[in-house]
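Visitor: Give me coordinates for this.
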Amino acid sequence: MTLPAVLLFALFHTFPALQGVYYSFTNWDGISFVYDFVGFKNYINLFKDGNILNSYLFTFKFAVLSTILVNVLSLVIALGLNSKIKGKNFFRGVYFLPNVLGVLIVGYIFNYIFANVIPKMGETLNIGFLSVNILGSESTAWIGIVIVAVWQACAFNVILYLAGLQTVPAELYEASSLDGANKWQEFWKITFPMIAPFFTINMVLAMKSFLMVFDQVLALTGGGPGRATESISVLIYKGGFGGEFAYQSANSVMYFIVILVISVLQIKVLQKREMDM
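Guide: Have a look, this model is predicted:
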């Protein structure tokens, strides 16, 4: 019964991925019928390419900041939604709504908001920093991407944290209240250690997702102004369809290895921390 799914997965995922690895050792432009085997030339040139180094730098800064913000905000929201408040189920649905919206659609909507709504509001209220489109400046365009990415990513992480909070036995809180523990002590000594596995999952998934950021950048800035917000995925996409197919295939392979190493290190460090707790 699983054979058709395995064959389809291999045909449309595994085989193209292996083809990409093979093409990374050639000079194929993605169109021609003839190409040459160039060995590790593409991989060596990656380390000499200023555009690739800049895109790596932007992507890592974006991923680290967004991962931290998403997990902090998601955990705070999940704690609020897990408490005894009115309309709890309604607010859970509201906070999950961004997760079901298309990333490109959300990006284009926020693009309009940043370019038209907020500047108009800033002019009306005579607030200088709100009167300009932040996506039009090399120094501030990244802020808009972070806002959109974090806002949408929080929805999924909140659900995971809520699931983790549901596993914490109520008896532990009752015992801690009898011992005179305050809310912060309850959180740090009981809640956080108990949901540590969920924290690990969220950190790894969030970092991987943000390292592969593509849709938000494409919809909001297209990698601009200039190349200020060009992520690795956007660079691979643009270069791959711009005659650098083999070269960007090598970039893809290298980036796959980087993401794999980072994910493994994250899991090892965070799981060790779980054991220490």
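Visitor: Quick check: pLDDT value at M277.
Guide: pLDDT, M277: 57.
Visitor: With L104 instead?
Guide: Note for L104: predicted pLDDT of 86.
Visitor: What helix or strand is the residue lying closest to G222 once chain neighbours are set aside located in?
Guide: For G222, ignoring the flanking residues on the chain, the nearest one in space by C-beta to C-beta, 6 or more residues apart in numbering is V234 at 7.7 Å. C-betas here are computed from N, CA, C, even on glycine. Using DSSP states H and E, V234 sits within helix 232-240.
Visitor: and the angle for the next helix or strand after that helix with helix 232-240?
Guide: Following helix 232-240 in sequence order, the next helix or strand is helix 245-276 (DSSP H and E). Angle, helix 245-276 to helix 232-240, by axes from the mean of the first three to the mean of the last three C-alpha atoms, to 10 degrees: 170 degrees.
Visitor: Going by neighbour count, list what's buried in helix 245-276.
Guide: Neighbour counts over helix 245-276 (16 or more other C-beta atoms under 10 Å) mark 245-255, 259, 262-263, 266, 270 as buried.
Visitor: Name the residues that touch the helix holding V234?
Guide: 30, 51-52, 55-56, 59, 211-214, 217-218, 222-223, 230, 247-249, 251-252, 255 (C-beta atoms under 8 Å, 6 or more residues apart in numbering).
Visitor: redo that, cut-off 7 Å
Guide: Identification of contacts with helix 232-240 by C-beta atoms under 7 Å, 6 or more residues apart in numbering yields 30, 51-52, 55-56, 59, 212-214, 217-218, 223, 247-248, 251-252, 255.
Visitor: So for the chain, the centremost residue is which one?
Guide: Central residue of the chain (C-alpha atoms, centre = their mean): F210, 2.0 Å from the mean position.
Visitor: next SSE after the helix or strand hosting that residue?
Guide: In this structure, F210 sits in helix 196-211 according to DSSP H and E. Downstream of helix 196-211, the next assigned helix or strand under DSSP H and E is helix 215-220.
Visitor: Give the rounded mean pLDDT of that following helix.
Guide: 92.
Visitor: do the same with stretch 152-161
Guide: 92.
Visitor: Put the alpha carbons of that stretch into CSV.
Guide: Output in CSV follows, covering the C-alpha atoms of stretch 152-161 (Å, rounded to 0.1, in the frame of the first residue of the first chain):
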residue,chain,number,x,y,z
GLN,A,152,2.9,34.1,10.8
ALA,A,153,5.2,31.6,12.4
CYS,A,154,3.9,32.2,15.9
ALA,A,155,0.6,30.5,15.1
PHE,A,156,2.1,27.0,14.7
ASN,A,157,4.5,27.4,17.6
VAL,A,158,1.7,28.5,19.9
ILE,A,159,-0.2,25.3,19.2
LEU,A,160,2.9,23.2,20.0
TYR,A,161,3.5,25.0,23.3
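Visitor: re earlier: got a quick ChimeraX command for the buried subset of the contacts of helix 232-240?
Guide: Buried residues among the contacts of helix 232-240 (16+ other C-beta under 10 Å), as a ChimeraX selection:
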select :52,55,56,59,212,213,217,218,223,247,248,251,252,255
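Visitor: Report the contact partners of S263.
Guide: So S263 contacts 204, 208 (C-beta under 7 Å, 6+ apart).
Visitor: Please tell me how far it sits from L211.
Guide: 9 Å (C-beta to C-beta, to the nearest Å).
Visitor: what do you get for N126?
Guide: Counting by C-beta to C-beta - N126 and L211 are separated by 40 Å.
Visitor: These two: which has the busier surroundings?
Guide: L211 (23 against 8; other C-beta atoms under 10 Å).
Visitor: For the closest residue to that one other than its chain neighbours, which residues are in contact?
Guide: Nearest residue to L211 in three dimensions, chain neighbours excluded: A63, at 4.7 Å (C-beta to C-beta, 6+ apart). By C-beta under 7 Å, 6+ apart, the residues touching A63 are 207, 210-211.
Visitor: secondary structure element for A63?
Guide: Counting by DSSP H and E, A63 is part of helix 50-82.
Visitor: what mean pLDDT would you report for that helix?
Guide: 94.
Visitor: Packing partners of the helix or strand following that helix?
Guide: Once the chain leaves helix 50-82, the next helix or strand it forms, by DSSP H and E, is helix 88-100. Applying 3 or more C-beta pairs under 7 Å, 6 or more residues apart in numbering; DSSP states H and E, one finds that helix 88-100 makes contact with helix 50-82, helix 141-166.
Visitor: Many thanks, have a good one.
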